[in-house]
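Novice: Pasting the sequence and the predicted coordinates here, then a few questions.
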Amino acid sequence: MANTTIASGGGLVDRYASALYSHADDLNALDAVVAEMESLGRLIDSSSDLRRLLESPLIDVNTATKAAMAVLEANGFGKAVRDFVGVIAANRRLRRLRDIVNAFATLVAERRGITTAHVSSAQPLNDVQRQQLRARLIEAGYGSVNIVEQVETDLLGGLVVRIGARLYDTSLKSRLQRLQYAMKGAA
């Protein structure tokens, strides 16, 4: 398979995502791994304790690895995903796990012909907002759309949607910045 570079924040996360994709494909377990990686992304987003574990530079790599493995086993993750997270932990890359999960989702969508929209919001989207956004993107001609969400509290409100090279920024933060620049120009 050709190595596909995707815009997800850098070569490191892309290489890990591509390696997992190839490994899962070789095991004929791609669909199962895709489903588990989606579950892992939701687990990271919903568990502040897990996020603290992943992001803390103060936790010893062995302790972090054992804790991450315990969480994955307790939540029923398969061997392929557990081994993958183990490699990431051993390489001291747990802080990038959420980015790798996003890159993997983007790679899977790309290989399946699905457009990926990276959405940043100040608060997690609810199901109604997610469906409305998906409908608007389909109206805009994007066809089958996969939404990858990220919470960025500094946006204050609104959304930032990135699809490939296109950026749609309706965040309150950027509106306030534009207002500030306009006021400076008027002074």
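Specialist: That came through, no problem. In this text the structure is predicted, and so the values were computed from the model without any measurement. Numbers count the residues shown, from 1 in each chain.

Novice: Show me the helices in this structure, by range?
Specialist: 11-26, 30-46, 48-55, 61-74, 79-90, 97-111, 127-137, 172-186 (DSSP state H).

Novice: hmm, who's touching the third one?
Specialist: Taking Cβ atoms under 8 Å, 6 or more residues apart in numbering as the criterion, the residues outside helix 48-55 that touch it are 43-44, 59, 64, 67-68, 71, 94-95, 97-98. For the C-beta atoms, the positions are set from N, CA and C on the backbone; glycine is no exception.

Novice: Work out which residue lies at the spatial centre of this protein.
Specialist: Nearest to the geometric centre of the chain sits Asn102, at 2.8 Å (Cα atoms, centre = their mean).

Novice: count of residues packed around the residue nearest to that one when sequence neighbours are not counted?
Specialist: Take Asn102 and drop its neighbours on the chain: the residue closest to it by Cβ to Cβ, 6 or more residues apart in numbering is Val148, 5.2 Å away. Residues near Val148, counting by other Cβ atoms under 10 Å, number 18.

Novice: distance of Val148 from Leu54?
Specialist: Using Cβ to Cβ, to the nearest Å, one gets 17 Å for the distance from Val148 to Leu54.

Novice: What of Thr153?
Specialist: Here Thr153 is placed at a distance of 17 Å from Leu54 (Cβ to Cβ).

Novice: and those two? which has more neighbours close in?
Specialist: Counting neighbours by other Cβ under 10 Å for Thr153 and for Leu54 shows that Leu54 has the greater number, 22 against 8.

Novice: Mind pulling up the pLDDT for the more buried one?
Specialist: Model confidence at Leu54, given as pLDDT, is 91.

Novice: again with the one 5 residues further on
Specialist: If you check Ile59, the pLDDT there is 87.

Novice: Spatially nearest residue to it (excluding sequence neighbours)?
Specialist: Leu53 (6.6 Å).

Novice: what about the one you found, distance to Leu40?
Specialist: For Leu53, the distance to Leu40 equals 13 Å [Cβ to Cβ].

Novice: These two - which one has more neighbours?
Specialist: Legend: neighbour count by other Cβ under 10 Å for Leu53 and Leu40, higher for Leu40 (24 against 18).

Novice: show me the contacts for Thr167.
Specialist: Actually, residue 167 is Leu rather than Thr. Residues counted as contacts of Leu167 (Cβ under 8 Å, 6+ apart) are 160-161.

Novice: Unless I'm misreading it, Glu149 sits right up against Asn126, doesn't it?
Specialist: No - counting by Cβ atoms under 8 Å, Glu149 stays clear of Asn126, with 11.0 Å between them.
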